[in-house]
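Student: let me see the structure of the following:
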Amino acid sequence: MKNNRNEFVKPGGLDLKDKLVSIQRVTKVTKGGRAFGFTAIVIVGDENGTVGHGLGKSKDVATSIAKAVEDAKKNLVKIPLYKGTLPHEQKGKHGGAKVFMKPASQGTGVIAGGAVRAVLESLGVQDVLSKSQGSSNPHNVVKATFDALLRLRNANTVASERGITLEKVFNG
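Tutor: Numbers count the residues shown, from 1 in each chain. Modelled structure (predicted):
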């Protein structure tokens with residue numbers, strides 16, 4: 001598992017839950033006819049700040065989902081959360097998909113659609129406002145969401161990067 005500092009941490013001991021975002025039937029045309037297969041996109045998370053995404057491809061649905069879960073466990077990242085929401089608003093982009101996420105007050109809930117909702121719920125966010133723009137391709141939306149999440153920083157990280165105390169971050 002990688003966190004924002006690209007430090008590897010073992011995923012052992014984490015209680016990971018997986019969510020299927022998308023499953024698609026794909027076709028390869030050969031001279032002998034059409035060969036059908038499946039691709040699956042899965043999000044895994046412990047609902048406590050750790051989340052990952054994976055892609056699996058196979059000739060049958062169950063195997064493609066299993067491969068996607070294994071791939072997602074290899075791509076786990078630790079995201080800083082603040083009181084059940086995000087520490088600050090952030091934008092993410094991948095391909096034609098753009099995602100905007102904004103912290104929300106307690107009791108708001110997860111205001112997000114499709115792939116963004118799956119990622120945020122697996123992450124453990126309870127209150128957030130989000131908007132997905134551009135492409136609605138689940139692959140790109142998931143990656144745009146991760147792009148935004150990986151740019152998030154908490155107050156301690158900001159203080160250490162600037163070489164100042166935590167009080168100076170808030171008081172200027």
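Student: could I get the full set of strands for the chain?
Tutor: With DSSP state E, the ranges of strands along the chain come out as 2-3, 17-30, 33-45, 50-58, 77-78, 90-94, 97-103, 110-111, 128-134.
Student: show me the contacts for T145.
Tutor: 92, 99, 101, 115-116, 119-120 (CB atoms under 8 Å, 6 or more residues apart in numbering). Where you see a C-beta, it was placed from the backbone N, CA and C, and this is true even at glycine.
Student: and which of those is nearest to A35?
Tutor: A115 (27.2 Å; CB to CB).
Student: for S132, see how far away the closest one is.
Tutor: 8 Å (CB to CB, to the nearest Å).
Student: same question for G92.
Tutor: Counting by CB to CB, the gap from G92 to S132 is 10 Å.
Student: which residues are in contact with both of these two?
Tutor: With CB under 8 Å, 6+ apart as the test, G92 and S132 both reach 98-99, 144.
Student: output the residues you listed in TSV; the columns should cover distance to T157, pLDDT and neighbour count.
Tutor: Formatted as TSV, the shared contacts of G92 and S132 follow (distance: CB to CB, whole Å; pLDDT from 0 to 100; neighbours: other CB atoms under 10 Å):
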residue	distance to T157	pLDDT	neighbour count
K98	24	96	19
V99	21	95	28
A144	22	95	28
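Student: helices and strands of the chain: which one bottoms out on pLDDT?
Tutor: The helix or strand of the chain with the lowest confidence, counting by mean pLDDT, DSSP states H and E, is strand 2-3 at a mean of 50.
Student: isn't I79 up against G49?
Tutor: Yes: the criterion here is CB atoms under 8 Å, and I79 meets it with G49 at 5.5 Å.
Student: so where's the protein uncertain?
Tutor: Across the chain, the ranges flagged by pLDDT under 70 are 1-13, 172.
Student: now with 50?
Tutor: 4-9 (pLDDT under 50).
Student: picking up where we left off before, what about I79 and G49, which has more around it?
Tutor: Neighbours were counted for I79 and for G49 using other CB atoms under 10 Å; I79 has more, 23 against 15.
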